[in-house]
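>>> Sequence first, predicted model second:
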Amino acid sequence: MGKISEAQAILRDIGMPERQQAPICALSLLALAHIRPDDKWCQANNEWIRIHDIIQFVNLNYEVDYAENSRETFRKQAMHHFRNAALIEDNGKATNSPNYRYRLIQETVRLLQTFHTDLWEPSLKEFTDVHESLISIYASKKKNVQKMPVMINETAYTFSPGKHNALQKAILEEFAPRFAPGAICLYVGDTTNKNLVENQTLLKQLGIALTEHDKLPDVILYCKDVDWIYFVEAVTSVGPMSPKRLQELEAMTQQVTSGKIYVTAFPDVTVYKRFVADLAWETEVWIADEPDHMIHLNGNRFMGPR
């Protein structure tokens, strides 16, 4: 096993994510430890080193050819993650200073010095016991991302943050009470959970096919009092109720006998203007910024004096 592969194995055992086990990260670790192809890991040290020095070291010793302008690539792909994992430290200078340097922390050096010895396994256990792996750090960060609370069918849920989910929240909490009073949500997905709410029993009873989940609209609401089903697309960048989309939904709902209402929801007028030419006739438009109003693309159905 060559030194690059060995460095990758060390990064894996420490608990670095797969992307931070890439060759550029392995080379960075070797440069930080000042380990050449013929060196033993017991020779690892933690002398201060600049990104410029790392690039020169790997080019000279590992038959690679990284350009000087690849400094930011090393910084973003390797050094940033090494520092987050507390494998290295910096000298506190400004990042654009020519004197800005990194070095392995002492615990990392001691661990590397035991690689390929009988002390590796106990040293690794001791290291991982006191150093939370970067995988765990990232996983906890994802769990702690601020979620959006949303009420669905009188039950509290959370949406992942993002423009699309913010619009779905508005559909459920602003559109539905105004234009689908008393409706229950039969289906809505989240960017991290496509089937956050899915009333399979009622969907099947109403004749909505569940065999093609990817063709379901973003939100499905049902008003039992009037027997209406609202198929709502939340559009922030793609996917309005176009003629093609309408045909797909009509094909999917051939067995539905309830009244069908097709709605495209937009966050604001600016996004609506981008898609207005794509919208199908016989559909509705709702704009979250103007929640009390609807745009009806359906001829004379609502024509008449106020």
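Thanks, I have it. Residues are numbered from 1 along each chain as shown.
>>> you'd agree residue 149 is in a strand?
Yes. Looking at residue 149 with DSSP: H, G, I helix; E, B strand; the rest coil, it is inside a strand.
>>> Give me the helices and strands touching the helix or strand harbouring residue 231, please.
In this structure, residue 231 sits in strand 228-234 according to DSSP states H and E. Judged by 3 or more Cβ pairs under 8 Å, 6 or more residues apart in numbering; DSSP states H and E, strand 228-234 is in contact with helix 163-170, strand 219-223, strand 259-266. Heads up, the C-betas are built off the backbone N, CA and C, glycines and all.
>>> Can you tell me which of those is most buried?
strand 219-223 (a mean of 23; mean count of other Cβ atoms under 10 Å).
>>> Go through stretch 174-185 and flag the buried ones.
174-176, 179-180, 183-185 (16 or more other Cβ atoms under 10 Å).
>>> scratch that, stretch 54-70
54-55, 57-59, 61-62, 66.
>>> Just the ones in helices from those, please.
Among those, the members found in helices (DSSP state H) are 54-55, 57-59, 61.
>>> List just the nearest of these to residue 42.
Of all those, residue 42 sits closest to residue 61, with 17.7 Å by Cβ to Cβ.
>>> Now do the contacts for the closest one.
For residue 61, the contacting residues are 30, 36-37, by Cβ atoms under 8 Å, 6 or more residues apart in numbering.
>>> How about the spatially closest residue to residue 175 that is not a sequence neighbour: which residues does it bridge to?
Residue nearest to residue 175 in three dimensions, not counting chain neighbours: residue 286, with 5.3 Å by Cβ to Cβ, 6 or more residues apart in numbering. Note on residue 286: beta-bridge partners residue 265, residue 294, judged by DSSP bridges.
>>> residues touching residue 286, list them.
Each residue near residue 286 by Cβ under 8 Å, 6+ apart is listed here: 171, 175, 179, 232, 263-266, 293-295.
>>> One more pass at 7 Å, please.
175, 263, 265, 294 (Cβ atoms under 7 Å, 6 or more residues apart in numbering).
>>> next one: residue 48
Residue 48 makes contact with 91, 101, 103, according to Cβ under 7 Å, 6+ apart.
>>> Give me the nearest residue to the first one, chain neighbours excluded.
When the adjacent residues along the chain are set aside, residue 91 lies closest to residue 101, with 4.8 Å between them (Cβ to Cβ, 6+ apart).
>>> The last one too?
On the basis of Cβ to Cβ, 6+ apart, the spatially nearest residue to residue 103 that is not a chain neighbour turns out to be residue 46, at 4.5 Å.
>>> Please report how far the residue nearest to residue 175 lies from residue 24.
According to Cβ to Cβ, to the nearest Å, residue 286 and residue 24 sit 48 Å apart.
>>> Also residue 72?
12 Å.
>>> Neighbour count: these two, which is higher?
More crowded of residue 72 and residue 24, by other Cβ atoms under 10 Å: residue 24, with 15 against 9.
>>> I'd guess residue 103 is in a helix, am I close?
No. Counting by three-state DSSP, residue 103 is not found in a helix; it is strand.
>>> got the contact list for it?
Contacts of residue 103 (Cβ under 7 Å, 6+ apart): 32, 46-49, 88-89.
>>> Now do the contacts for residue 70.
Residues in contact with residue 70 (Cβ under 7 Å, 6+ apart) are residue 55.
>>> Same question for residue 217.
Contacts of residue 217 (Cβ under 7 Å, 6+ apart): 231-233, 249.
>>> Widest-spaced pair of those residues?
232 and 249 (11.0 Å).
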